[in-house]
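Q: Fold the following.
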Amino acid sequence: MYVIRRWYKTKPGEARRVATLVHKQAAAYRDAGQRSEFRVSYNGYTLPGEQNVVCLEWTDERLETPTREGHTLPAAALELGAEVRKLIESQRIEFMELLTPAKFQE
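A: Numbering: from 1, shown residues only. Here you go, the predicted model:
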């Protein structure tokens with residue numbers, strides 16, 4: 001099992017708007033059966049730490065390329081992604097292996 005986090009560095013003042021769009025995009029993937037439950041967090045300017053950031057986080061059993069043969073991306077997710085790209089400066093993705101009881105070391 002993997003934890004996937006996609007981080008967005010937004011243009012100043014756009015974190016909440018990007019978080020809203022990213023939430024809608026992730027829901028489109030989930031509703032199409034292509035993503036598990038997810039959560040979105042952001043820091044616009046009201047909290048300490050890095051500002052103008054959004055984090056989308058979900059888990060998956062395996063890592064697969066979205067361009068794999070026979071896979072179709074949801075049109076709504078693509079449209080929302082185009083809107084997000086206008087409001088961000090950069091993005092990155094993290095992949096972490098989730099520690100489950102079966103992986104515990106004694």
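Q: which residues touch stretch 33-42?
A: Here stretch 33-42 makes contact (CB atoms under 8 Å, 6 or more residues apart in numbering) with 15-16, 18-19, 22-23, 26, 29-30, 53-60, 73-74. For the C-beta atoms, the positions are set from N, CA and C on the backbone; glycine is no exception.
Q: go on, stretch 2-19?
A: Contacts with stretch 2-19, where a contact means CB under 8 Å, 6+ apart, come from 22, 40-45, 51-63, 84, 87-98.
Q: all strands of this protein, in order?
A: Using DSSP state E, the strands of the chain run over 2-10, 38-43, 53-60, 88-97.
Q: Buried ones in the last one, by neighbour count?
A: Read it as strand 88-97. For strand 88-97, a neighbour-count test (16 or more other CB atoms under 10 Å) marks I88, Q91 as buried.
Q: Just give me the residue closest to the centre of this structure.
A: Here the mean C-alpha position of the chain is nearest to the C-alpha of L56 (CA atoms, centre = their mean), at a distance of 3.2 Å.
Q: how about that residue, what does it touch?
A: By CB under 8 Å, 6+ apart, L56 lies in contact with R5, R6, Y8, V22, H23, A26, F38, R39, V40.
Q: Name the nearest residue to it, sequence neighbours excluded.
A: R6 (4.5 Å; CB to CB, 6 or more residues apart in numbering).
Q: Give the bridge partners for the one you found, please.
A: Beta bridges link R6 to L56, I93 when assigned by DSSP bridges.
Q: Can you tell me which of the contacts of stretch 33-42 are buried?
A: Buried among those by 16+ other CB under 10 Å: 15, 18-19, 22-23, 26, 29-30, 53-58, 74.
Q: can you give me the end-to-end distance of stretch 87-104?
A: Distance between the boundary residues of stretch 87-104 (CA to CA, to the nearest Å) amounts to 41 Å.
Q: Repeat that for stretch 59-66.
A: 15 Å.
Q: just to revisit the earlier point, name the nearest of the buried ones among the contacts of stretch 33-42 relative to Q105.
A: Nearest to Q105 among the buried ones among the contacts of stretch 33-42, counting by CB to CB, is E57 at 25.0 Å.
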